[in-house]
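Colleague: quick one, structure for this:
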Amino acid sequence: MAGTATTWSNWAGNQHSIASAIVRPGTVDGVTQAVRDAAAAGERIRVVGSGHSFTPIAVPDGRLLQLAALDTDVRIDLADRLVTVPAGMTLRTLNALLAGHGLALPNLGDIDAQTIAGAISTGTHGTGAAYGGLATFVEALTLVTGTGEVLRCSAAEHPDAFAAARVGLGALGVLVEVTLRCVDAFVLRAHERPGRLDEVLAALPALVDRHDHVEFFWFPYTDRVQVKTNDRVPADDRPLPRWRGWLDDDFLANTVFGGLCRLGRAVPALVPTISAVSARALSERAYTGRSDAVFCSPRRTRFVEMEYGIPRAALPAALAELHRIVDRLPFKVLFPVEVRFTAADDIWLSHGYGRDSAYLALHQYVGMPYEPYFRAFEEVAAGLGGRPHWGKLHWRDAASLAPAYPKWQDFQAVRAHLDPHHLFTNPHLTHILG
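Modeller: Residues are numbered from 1 along each chain as shown. From the prediction side, this is the model:
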């Protein structure tokens, strides 16, 4: 099904496009036909999911393909804990589906609005020293290539395409179906507490090893952090009262914080005070809940973001440089810096390829200056061997990215084979992949 020319923007509102047409196929055959039609017309075609990338990676440069209406069979193998779902399904819908069958994904990030295809294609990840990104849970996938071929890929079938397409940036074809390895549904005990940055860094190796999932937030202009740990427990025996969840996660983290951001944008001199008050206002809490409900939180305050994965041992040096950058900026930073951890993986363009990583995510409230802040830290991160998150702002190009990925040329060879005419590219992909 095709529509007329349409405007498009992402969640943050920092990326915009006018597509020549919007296509919403309901079947895999419909996707194949859409790809062939675009090729015959000499146009490019780009898949757009939930728009949660901050980079122009999803910006259509021609036709826009949406997969929300794609109806492939949902297949659940409870014995092997394998679930096959449409790639255009959102993580939120997937989590509910899995819970209904006593299953769960082993790990998640803190936002569940992304489509499965978008999340894995950009390297979306959560935190946990023993866990890779969401793409590491993919057991098989089905791809419509630039030649209109429907390709089923796994470690045993087209293994090179599988190694490339799990974090494929949408550059290899259209993901239409994904098979995920799940685990039995589980309960997490969440513990959130304030702390001091130097104390957390001193205890960090033991902290990361002792807990299933660890992250912390550093509040600029302070020495304060908020530490969050999640651990698997046998029973949901300490659920968060509904009023406390509303107060902390809805009212304080969204309504009040959004108001403080607006105040800080209007009166920048107040930002250090706002940051200090925000850090001290966060109280300690512990509770249990279904895994996806603990992992994921509502995010309604708009922001832009850059995130870099670096070798884990480089984290203290990166944070020290970041502190100096923030203090030297001619403007203020309203959002805390998020720090997370992942295990090494073998996916060619994954940020975690071949190494255990620490991630630093820099945010800035919409309407506030951010580019000098992000660019300054990018220079530091690149010097430490950092790799940018594909869905978050960065200014790297193909020449600077190639040395950071040992399998870069292998990816390029697969791309040349699956999309020989670069049907799925856009100016951003040309910039970062060549």
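Colleague: buried residues, stretch 88-105. List them.
Modeller: Buried residues in stretch 88-105, counting neighbours by 16 or more other Cβ atoms under 10 Å, are found at 88-91, 94-95, 98, 103-105. Glycine gets a C-beta too; all of them are placed from N, C-alpha and C.
Colleague: for those residues, which one is nearest residue 425?
Modeller: residue 88 (20.4 Å; Cβ to Cβ).
Colleague: element containing the residue positioned nearest the centre of the chain?
Modeller: For the chain, residue 124 is the residue whose C-alpha lies nearest the centre (Cα atoms, centre = their mean; 3.0 Å). Residue 124 is located outside every helix and strand, with elements delineated by DSSP states H and E.
Colleague: quick one: contacts for it?
Modeller: Listed by Cβ atoms under 8 Å, 6 or more residues apart in numbering, the contact set of residue 124 reads 109, 114, 118, 133-135, 391.
Colleague: repeat the analysis, applying 7 Å as the threshold.
Modeller: 109, 114, 133-134, 391 (Cβ atoms under 7 Å, 6 or more residues apart in numbering).
Colleague: narrow these to those in helices?
Modeller: In helices, defined here by DSSP state H, there are no members of these.
Colleague: now, which of the residues you listed sits nearest residue 260?
Modeller: residue 109 (24.0 Å).
Colleague: any low-confidence regions in the stretch 201-350 of the chain?
Modeller: Within the stretch 201-350 of the chain, the segments meeting pLDDT under 70 span 243, 246-247, 251-252.
Colleague: can you give me the helices for it?
Modeller: 242-245, 257-266, 271-281, 291-295, 315-328 (DSSP state H, counting those that start in this stretch).
Colleague: quick one: which of those is nearest residue 407?
Modeller: Here helix 315-328 is closest among the helices of the stretch 201-350 of the chain (Cβ to Cβ), at 24.3 Å.
Colleague: which non-adjacent residue is nearest residue 166?
Modeller: residue 135 (4.1 Å; Cβ to Cβ, 6 or more residues apart in numbering).
Colleague: thinking again about what came up before, out of the helices of the stretch 201-350 of the chain, deepest packed?
Modeller: helix 291-295 (a mean of 22; mean count of other Cβ atoms under 10 Å).
Colleague: which other residues reach it?
Modeller: 95, 104, 108, 110, 112, 126, 186-188, 190, 230.
Colleague: how near is residue 40 to residue 368?
Modeller: With distances taken as Cβ to Cβ, to the nearest Å, residue 40 is found 45 Å from residue 368.
Colleague: comparing those two, which residue is more hemmed in?
Modeller: Between residue 40 and residue 368, counted using other Cβ atoms under 10 Å, the more crowded position is residue 368 (19 against 8).
Colleague: which residues are in contact with the more buried one?
Modeller: Going by Cβ under 7 Å, 6+ apart, the list of residues near residue 368 reads 265, 331, 334.
Colleague: report pLDDT for it.
Modeller: Among the per-residue scores, residue 368 holds a pLDDT of 94.
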